[in-house]
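Undergrad: Give me coordinates for this.
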Amino acid sequence: MIINAVGILEMMLVWSKSGRTFAADRFLLISLSVYSVFLLFFFMFVLLPSNLILYTYVIVLVFDGASQVTGQLAGRKKLFPEINPGKTREGLIGGFLIAIATSV
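TA: Have a look, this model is predicted:
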């Protein structure tokens, strides 16, 4: 609940500093809608059996580690250099393939 409250507070602070134009109001409405959907999925995820939650965390951990390793070994093309210059397409593909193989 605290994470939810802080997320909404952050969106409201950005909105209040944006000048409260029509575009800013529309962006706030869209952001709050998307945030609410993700929050609903989070609460539904928490209600799953504990073995499925553990399985999900293990797959995410495998994806993260595999994408790091494959990105460092074979990474050449940047994925989104403006956002994070260390992420590569090869790392994304390698992490995805190894996570899929692990999940099967």
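
Undergrad: longest strand anywhere in the chain?
TA: As far as residue count goes, and with DSSP state E defining each element, the longest strand of the chain is strand 84-88.

Undergrad: Pairing partners for that one, with directions?
TA: Strands that pair with strand 84-88, judged by DSSP bridges, come out as strand 78-80 (antiparallel).

Undergrad: host element of the one residue sitting closest to the centre of the chain?
TA: Closest to where the C-alpha atoms of the chain average out (CA atoms, centre = their mean) is F38, at 10.3 Å. Assessed by DSSP states H and E, F38 sits inside helix 22-46.

Undergrad: So which other helices or strands are in contact with the following helix or strand past that helix?
TA: Under the assignment DSSP H and E, the closest C-terminal helix or strand after helix 22-46 is helix 50-74. If you count contacts as 3 or more CB pairs under 8 Å, 6 or more residues apart in numbering; DSSP states H and E, helix 50-74 packs onto helix 22-46, strand 84-88, helix 89-103. From N, CA and C alone the C-beta is placed, and that goes for glycine too.

Undergrad: Return the most buried member of these.
TA: Greatest average neighbour count among the helices and strands packed on helix 50-74 goes to helix 89-103 (a mean of 16), per mean count of other CB atoms under 10 Å.

Undergrad: Contacts for that one next, please.
TA: With CB atoms under 8 Å, 6 or more residues apart in numbering as the test, helix 89-103 has contacts from 55, 58-60, 62-72, 74-79.
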